[in-house]
Every structure is written in C-alpha cells, then in structure tokens.
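# with the input below, show me the fold.
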Amino acid sequence: MTTGWTPHPPTAASGPEGEHLPELDMPDPGRQRRWTVLLRWLLLIPQMIVVALLGIAAFVVTIVGWFAALFTGRLPEGIARFLGDYLAYATRVTASTMLLVDRYPPFAFAEPGYPVQIELRPGELNRLAVLFRLILMIPAAIVAGLLQYGWAAICWVFWLITLVLGRMPQPIFEASAAVLRFRMRFLAYVMMLTSAYPKRLFGDPVPAAPGYGTPPPPTAAPGLPETGSATRPLVLGTGAKVLVVAFLVLGLIAGGCSSMGRNNTYYDDEWGAAAHTATRFDTRTGS
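Sure, this is the predicted structure:
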C-alpha cells in the first residue's frame, strides 16, 4: 500500500516470503524559496506538535498491534492503516524539516499530490520475530540514533548552504534522503508494518541497463511528477556516502560527549554532597 493505502500484493521481487522493504519516493532537489528555508523550523512547529500527539497514539496502537500480531501473525487492517498513515505523515514532516522539499506538508494523512510518498506492504509476520521485536530492533535503533545525532550536529551547515544557494546540493540531498529512508524503514519495522529489517543505508545498487524483454523498473508512488522518483532506486555518490559516514561518526562523538556530561554531572553532585557532609561534620566537631 502507498500513502493512499491501496493494497499491493507481495511479489517475487519483494524478498523471501513476500518480504518487502518500505520505499520512499521524492523528486530531485529543486529550487527552494529562501524565506521558507530561513523560517523552515519555525513554520513547522505546528506540524511537530501534531506529530508528537499522533506519536503518543501510535505508541499505544503499536502495543495493541503487537499482541494481535503475536497471536494472528499479522497486524489487523485498521491498526496497519492508522500506523501507516501516521508514518506517512511523520515522514512528510521530517522531509520538510530536513529541507528535502520546499512545499509545506499538509495537515492530512493521505495526500497523493504531495512530493514525498512512502510505499508499505504489510503482510504476514513471523510470530517469533514479533515476540522478540524489542531485542531485534536494538542494532537498527543504535544506527538510527547515531544518524539522528550526527545529522543534527551538522544540519546548520546544510541550512546555510541551502539558504545561500536556494537549493540543496545533490550530495547533501542524497545523504539526507538516505537518513530519512533508513529512519522510515526502522519505524516501519518497529511498528510491524514490514517484516524486512531496515537496510541499505548507503543506497541501492546501481541498476543494470535493461536488456531486451526486461521488465521496467518499479514506478514511483502515485502523485509524483512525471520526472519520477529520485529515491527509487536511491543511488548514493561518493560525496553522499562520505556524508553518511560523517553522520555516524558525529553521532558517536555526540553520544559519547552526552554520556560524559551526564557522568560528570553525577560525580559533581556526589562530590558536592560529600563536601557538604564533611563541612557539617567539621562544624559539629569544632563546636
């Protein structure tokens, strides 16, 4: 199903047992209005509030869906539809936050005309994988967290470049799109909208030239312009791959500094408490 939630049957190309990686569709980076880039994060505050509130509901629905999937081997249709709608909405807002598109995201679940679309194909789930989903998702959660910290550490540079040029350079677009797609696939896996583990952070393989009689490549989701999707397949250049590695390294550094800061605060508090106790003891002894 796409963001319009039209069901798609599993295909042989989806992987083992109909496993299908969620897909992200976006057009090539185009011109952006500088005033919207300048005020982007301020303009998106209402959207972020809505995403946060919907996220609370999605968390509760995911727990309900986990119990249902554990017994039935798949998400009920209503739960899958709500979680898919939420993921599509959150992905559109995140894409705008990351300056990947200039158009303001709508306050709606289904918006076929918006340039950012996702494709999901919820299907059968392995009950054992559902049972241990919380443990299985840990490696992907670590990668997603590092990417988030790393991108946030350098996003002000991307904002400044896009503000000056009026468009996002291709390497930055590809690297940011890779981060957004991995995040979307991770959340889809957590919410059991797919059985496919999040992968292909460094992009898809370069598609081979089609030969005679070869079927055409997958088409983009409905609603995209005729130019098609720039992220299906998402092929990263050397510069984009370097940026993705930089995100991971910066995320690791930021996470380490955050941990050190918490430890220093803990030791400072302990030292202050010990010093206060010693002072009180000396005062009482002196008296």
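# got the buried residues for the helix or strand hosting L146?
Following DSSP states H and E, one finds L146 within helix 138-165. For helix 138-165, burial by neighbour count (16 or more other C-beta atoms under 10 Å) applies to 140, 143-144, 146-147, 149-151, 153, 155, 158-159, 162-163. Heads up, the C-betas are built off the backbone N, CA and C, glycines and all.
# how near is the nearest residue to P122 once chain neighbours are set aside to K199?
Using C-beta to C-beta, 6 or more residues apart in numbering and skipping the chain neighbours, the partner closest in space to P122 is A80 (4.4 Å). Going from A80 to K199 by C-beta to C-beta, to the nearest Å gives 21 Å.
# give me the more crowded residue out of those two.
Using other C-beta atoms under 10 Å as the criterion, A80 and K199 rank with A80 on top: 24 against 11.
# assign the closest residue in space to T194 that isn't next to it in sequence to helix, strand or coil.
Computed as C-beta to C-beta, 6+ apart, the closest residue to T194 that is not its neighbour in sequence is A188, at 4.8 Å. Following DSSP: H, G, I helix; E, B strand; the rest coil, the label given to A188 is helix.
# quick check: A69 touching T194?
No - taking contacts as C-beta atoms under 8 Å, A69 lies outside contact range of T194: 11.9 Å.
# so H20 makes contact with R121?
Yes - counting by C-beta under 8 Å, H20 sits close enough to R121 to count as a contact (4.2 Å).
# which strand or helix spans F67?
helix 45-72.
# buried ones in the following helix or strand past that helix?
The helix or strand immediately downstream of helix 45-72 is helix 77-97, counting by DSSP H and E. Neighbour-count burial for helix 77-97, counted by 16+ other C-beta under 10 Å, picks out 79-97.
# chain center to the next helix or strand along the chain from helix 77-97: distance?
Under the assignment DSSP H and E, the closest C-terminal helix or strand after helix 77-97 is strand 117-119. Offset of strand 117-119 from its chain centre (C-alpha atoms, centre = their mean, to the nearest Å): 13 Å.
# so for strand 117-119, what's the average pLDDT?
Mean pLDDT, computed over strand 117-119, is 95.
# show me what the helix or strand that it is followed by is packed against.
As assigned by DSSP H and E, the chain's next helix or strand after strand 117-119 is helix 127-131. For helix 127-131, the elements it packs on are helix 45-72, judged by 3 or more C-beta pairs under 8 Å, 6 or more residues apart in numbering; DSSP states H and E.
# would you mark the buried spots in the helix it packs on?
Those would be 47, 51, 54, 58, 61-62, 65-66, 68-69, for helix 45-72 by 16+ other C-beta under 10 Å.
# with pLDDT and distance to G113 added, can I get these in TSV?
Below are the buried residues of helix 45-72 laid out as TSV (pLDDT from 0 to 100; distance: C-beta to C-beta, whole Å):
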residue	pLDDT	distance to G113
Q47	97	17
V51	97	20
L54	97	21
A58	97	24
V61	97	27
T62	97	28
G65	96	29
W66	96	34
A68	95	33
A69	95	32
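# so which of the residues you listed comes closest to I135?
Of all the buried residues of helix 45-72, I135 sits closest to W66, with 13.1 Å by C-beta to C-beta.
# the residue nearest the centre of the chain: which element?
Geometric centre of the chain, nearest residue: R183, 2.2 Å, by C-alpha atoms, centre = their mean. Using DSSP H and E, R183 sits in helix 170-190.
# buried residues in that helix?
171-190.
# just the CA atoms of that helix, as PDB, please.
This file holds the C-alpha atoms of helix 170-190, laid out as PDB (Å, rounded to 0.1, in the frame of the first residue of the first chain):
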ATOM      1  CA  GLN A 170      22.900  16.800  -4.800                       C
ATOM      2  CA  PRO A 171      25.400  15.000  -2.300                       C
ATOM      3  CA  ILE A 172      23.600  16.600   0.700                       C
ATOM      4  CA  PHE A 173      20.200  15.700  -0.700                       C
ATOM      5  CA  GLU A 174      21.300  12.000  -1.300                       C
ATOM      6  CA  ALA A 175      22.800  11.700   2.200                       C
ATOM      7  CA  SER A 176      19.800  13.300   3.900                       C
ATOM      8  CA  ALA A 177      17.400  11.200   1.900                       C
ATOM      9  CA  ALA A 178      19.300   8.000   2.900                       C
ATOM     10  CA  VAL A 179      19.000   9.000   6.600                       C
ATOM     11  CA  LEU A 180      15.200   9.700   6.100                       C
ATOM     12  CA  ARG A 181      14.700   6.400   4.300                       C
ATOM     13  CA  PHE A 182      16.500   4.400   7.000                       C
ATOM     14  CA  ARG A 183      14.500   6.100   9.700                       C
ATOM     15  CA  MET A 184      11.300   5.400   7.900                       C
ATOM     16  CA  ARG A 185      12.200   1.800   7.400                       C
ATOM     17  CA  PHE A 186      13.200   1.500  11.100                       C
ATOM     18  CA  LEU A 187       9.900   2.900  12.300                       C
ATOM     19  CA  ALA A 188       8.000   0.600   9.900                       C
ATOM     20  CA  TYR A 189       9.900  -2.400  11.300                       C
ATOM     21  CA  VAL A 190       9.200  -1.300  14.900                       C
END
